[in-house]
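Asks: Got a sequence here, can you build the structure:
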Amino acid sequence: MTCSPRSCSRPTPALDLRANPNKDARGVAIEANLDKGRGAVATVLVQSGTLHVGDNMVAGTAHGRVRAMFDEDGESVEAATPSRPVQVLGLSSVPRAGDTFLVTEDDRTARQIAEKREAADRNAQLAKRRKRISLEDFDQAVAEGKIDTLNLILKGDVSGAVEALEDSLLKIDVGEDVQLRVIHRGVGAITQNDVNLATVDNAIIIGFNVKPAERVAELADREGVDMRFYSVIYAAIDDIELALKGMLKPEYEEVQLGTAEVREIFKSSKFGNIAGSIVRSGLIRRNAKARVLRNGVVVGDKLTIESLKRFKDDATEVREGFECGIGLGSFNDLQLEDIIETFEMREKPRV
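Replies: Next up, the predicted model:
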């Protein structure tokens with residue numbers, strides 16, 4: 001059968017999914033945790049080469065000699081070929097989920113690579129912590145107190161959970177007035193060093209499926225360090241979001257209380273001009289904020305109801321339909337049919 005080039009399509013070539021097992025191993029750390037008896041335990045997936053017990057390796061910022069390996073059934077293995085996941089013992093610290101690993105010729109090379117990675121990671125963290133504000137606005141923002149920061153220290157049972165918690169927390173957005181910084185994160189129990197760091201940087205310690213080491217809780221209580229413990233990520237996110245909203249400066253809105261129409265003007269040696277008025281809407285309250293409108297134009301603003309009377313008696317408030325005498329302090333520029341509008345500033349609830 002014949003066909004034109006347009007009607008016939010070429011067969012898709014098969015993917016070459018083979019990996020070379022005859023070289024030093026490379027791969028990725030899937031998960032890691034700190035085991036009380038075995039130290040740092042990293043679950044790694046070999047992507048190329050073969051990983052052997054005794055190999056020198058570096059995973060993220062962790063390095064060491066492979067002391068032992070275990071398969072998915074917990075059985076000891078001597079080598080791991082491509083596509084095989086194994087648990088590795090012998091690393092100096094706990095790598096993060098997603099960190100790449102590679103085998104080196106000796107321990108010195110592994111240590112040097114780990115140190116370079118750690119320095120690069122530290123610089124990236126410092127860049128992430130910098131306040132998102134331009135140099136032109138920085139001094140003014142600090143002087144006006146517009147920048148508030150909530151510092152956190154995150155500790156968890158496994159590195160993947162700590163990273164997931166950090167990513168979720170850093171996505172919280174409550175505006176530009178407050179900022180969240182993760183100044184340290186790690187795997188394992190909360191230690192004295194964590195409390196000391198929290199004391200210096202005025203930070204809150206978040207423990208995810210971990211508790212303080214021995215006597216650390218007493219130290220935190222003595223230093224006034226707030227430690228929070230969670231087993232569900234969403235509970236931690238909700239609490240931190242509420243804390244950030246609580247750091248926001250309150251926003252206020254004007255709420256009208258009432259209006260009164262000036263019907264008569266009386267002169268008083270003690271209170272100045274007194275507006276004999278009738279309350280047209282709402283209520284007039286003593287000590288409330290006020291303004292005076294004439295034909296819809298504001299002729300007096302930032303005033304206060306300094307005196308309020310019903311006939312000869314002092315009153316706290318007068319409601320719609322009743323007459324009253326209103327004193328506006330030193331403001332005496334009153335005319336008949338002026339409208340006295342009273343209001344108060346109420347804090348707006350954060351959404």
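Asks: Any chance you could list what contacts stretch 331-344?
Replies: 254-265, 272-273, 275, 277, 280, 282-285, 288-294, 299-300, 303, 305, 326, 328 (Cβ atoms under 8 Å, 6 or more residues apart in numbering). (Glycine included, C-beta is placed from N, CA and C.)
Asks: Straight-line length of it, end to end?
Replies: Start-to-end span of stretch 331-344 (Cα to Cα, to the nearest Å) is 19 Å.
Asks: what's the offset of it from the middle of its chain?
Replies: The chain centroid and the centroid of stretch 331-344 are separated by 47 Å under Cα atoms, centre = their mean, to the nearest Å.
Asks: try stretch 339-351
Replies: Per Cα atoms, centre = their mean, the displacement of stretch 339-351 from the mean C-alpha position of its chain is 30 Å.
Asks: List the buried residues in that stretch.
Replies: Judged by neighbour count (16 or more other Cβ atoms under 10 Å), stretch 339-351 contains these buried residues: 339-343.
Asks: Ok, stretch 319-327 next?
Replies: By neighbour count with 16+ other Cβ under 10 Å, stretch 319-327 contains the buried residues 324-327.
Asks: Likewise for stretch 84-98?
Replies: Applying a neighbour-count criterion of 16+ other Cβ under 10 Å, one finds 84, 86-97 buried in stretch 84-98.
Asks: Quick check on Asn295: phi, psi?
Replies: When quoted as degrees, to the nearest 10, the phi and psi of Asn295 stand at phi 60, psi 40.
Asks: Next one: it from Gln335, what distance?
Replies: For Asn295, the distance to Gln335 equals 10 Å [Cβ to Cβ, to the nearest Å].
Asks: Over to Val318?
Replies: 21 Å.
Asks: who's more crowded, the two?
Replies: Taking neighbours as other Cβ atoms under 10 Å, Val318 and Gln335 compare with Val318 leading, 23 against 12.
Asks: Please give the element, helix or strand, for that one.
Replies: strand 317-319 (DSSP states H and E).
Asks: what's that strand in contact with?
Replies: Strand 317-319 is touched from outside by 258, 279, 282-286, 308, 310, 324, with contacts defined as Cβ under 8 Å, 6+ apart.
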